[in-house]
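# how does the following fold in three dimensions:
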Amino acid sequence: MRPKIIAGKIYHVLNRGVDKRPIFLEDKDYLRFIHDLYEFNDQNPINNGFYHFQTQYNVVGLRYIGANTTTNRRPRKFLVEILAFCLMKNHYHLMVIPKTDRALALFMKRLNQGYTRYFNEKNERSGVLFQGKYKAVEVNREAHFIHLPYYIHCNPLDYSAPNWRKREIKDYKKVFASLTNWRWSSFPDYIGQKNFPSVTQRDFLLKFFDGPEEYKKSMIAWLKDMDFDAIADIALE
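Predicted structure coming up:
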């Protein structure tokens, strides 16, 4: 059951593929979803006409391609502040602050329906893609707020160090490199490596964590000291 959504509160949002099936089959799928995170985060009406995006812009940000361009389209009016995100093969995590009480529901409806339409047309399938609408939990304790960005950004370790939640990590340098190289996350942007900077609003968290360099240093410290049980109730796994 999702909590009542209140503007200005912080929420951890998760959705996964139905029956835990993969929702991203290739790089193009990840790029499309990240494009949708950017494009659908707008209180202005969304252009329902045909549009596409060019993958060569993925390093420096996303560029709208279609009837409008980044130079003549009106400025976005965010539905939510996307503080952090991470895409996994069969699910995704978001850390968001909705701008209005109804903003999160609208954003998630656009995001899930838009990506499902893309995925189904691309793969010549029909039916639901996601396991329900989405899960959400309010981040209302300071300890949760401190831990959640690290936890979201560490999810890709499920592929390279599957026992990381038990602190069974042997090579922290290798682990950090794997996080940096996972492109489908806001982590590279948080440590000062431009990846998809247009998607997230990072000032709030970076101020709290004292900037990119400190966030980079504190990630390894968090992995060494992390107690997963302390955040199990907001992990949504």
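# only C-alpha atoms from now on, for both contacts and neighbour counts.
OK.
# nearest residue to residue 44 in space, please, no chain neighbours.
Nearest non-adjacent residue to residue 44, counting by C-alpha to C-alpha, 6 or more residues apart in numbering: residue 77, 6.6 Å away.
# what is the neighbour count of that neighbour?
A count of nearby residues for residue 77, using other C-alpha atoms under 10 Å, gives 11.
# so where do the helices sit in the protein?
For the chain, the helices defined by DSSP state H occupy 27-39, 103-123, 142-154, 157-160, 172-181, 187-190, 203-208, 212-225, 232-235.
# and stretch 104-117, what's buried?
104, 105, 106, 107, 108, 110, 111, 112, 115, 116 (16 or more other C-alpha atoms under 10 Å).
# in CSV, list those residues along with distance to residue 141.
CSV is the format used below for these (distance: C-alpha to C-alpha, whole Å):
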residue, distance to residue 141
104, 20
105, 23
106, 26
107, 24
108, 24
110, 29
111, 27
112, 28
115, 32
116, 33
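# from the middle of its chain, how far away would stretch 142-162 be?
Taking C-alpha atoms, centre = their mean, to the nearest Å, the mean C-alpha location of stretch 142-162 is offset from the chain mean by 12 Å.
# hmm, I typed the wrong one, I wanted stretch 127-143.
Taking mean C-alpha positions (C-alpha atoms, centre = their mean), stretch 127-143 and its chain are 12 Å apart.
# cool, and stretch 224-234?
Between the mean C-alpha location of stretch 224-234 and the chain-wide mean there is a distance of 20 Å, by C-alpha atoms, centre = their mean.
# avg pLDDT for it?
Here stretch 224-234 scores 84 as its mean pLDDT.
# rewinding a little: out of the buried residues of stretch 104-117, the closest to residue 46 would be?
Nearest to residue 46 among the buried residues of stretch 104-117 is residue 110, at 9.3 Å by C-alpha to C-alpha.
# quick one: pLDDT of the nearest residue to the closest one once chain neighbours are set aside?
Leaving aside its sequence neighbours, residue 110 sits nearest to residue 40 (C-alpha to C-alpha, 6+ apart; 6.3 Å). On the pLDDT scale, residue 40 is placed at 95.
# likewise residue 64?
41.
# now residue 151
So residue 151 comes in at 96 (pLDDT).
# list the contacts of it.
Each residue near residue 151 by C-alpha atoms under 8 Å, 6 or more residues apart in numbering is listed here: residue 235.
# surely residue 103 and residue 80 touch.
Yes - at 6.6 Å, residue 103 counts as touching residue 80 under the criterion of C-alpha atoms under 8 Å.
# who has more neighbours out of those two?
The neighbour comparison of residue 103 against residue 80 (other C-alpha under 10 Å) goes to residue 80, with 25 against 21.
# which one is the more buried one nearest to, not counting chain neighbours?
Closest to residue 80 by C-alpha to C-alpha, 6+ apart is residue 98, at 4.1 Å.
# just checking, that neighbour touches residue 104?
Yes - between residue 98 and residue 104 there is a contact under C-alpha under 8 Å: 5.5 Å.
# common neighbours of the two, please.
Both residue 98 and residue 104 are contacted by 5, 79, 80, under the criterion C-alpha under 8 Å, 6+ apart.
# residues contacting the last one?
When contacts are counted by C-alpha under 8 Å, 6+ apart, residue 80 touches 41, 96, 97, 98, 99, 103, 104, 107.
# verify the contact between the first one and residue 96 for me.
No - under the criterion of C-alpha under 8 Å, residue 41 is not in contact with residue 96, lying 11.1 Å apart.
# just checking, residue 200 touches residue 84?
Yes - the criterion here is C-alpha under 8 Å, and residue 200 meets it with residue 84 at 6.4 Å.
# perfect, I'm done here.
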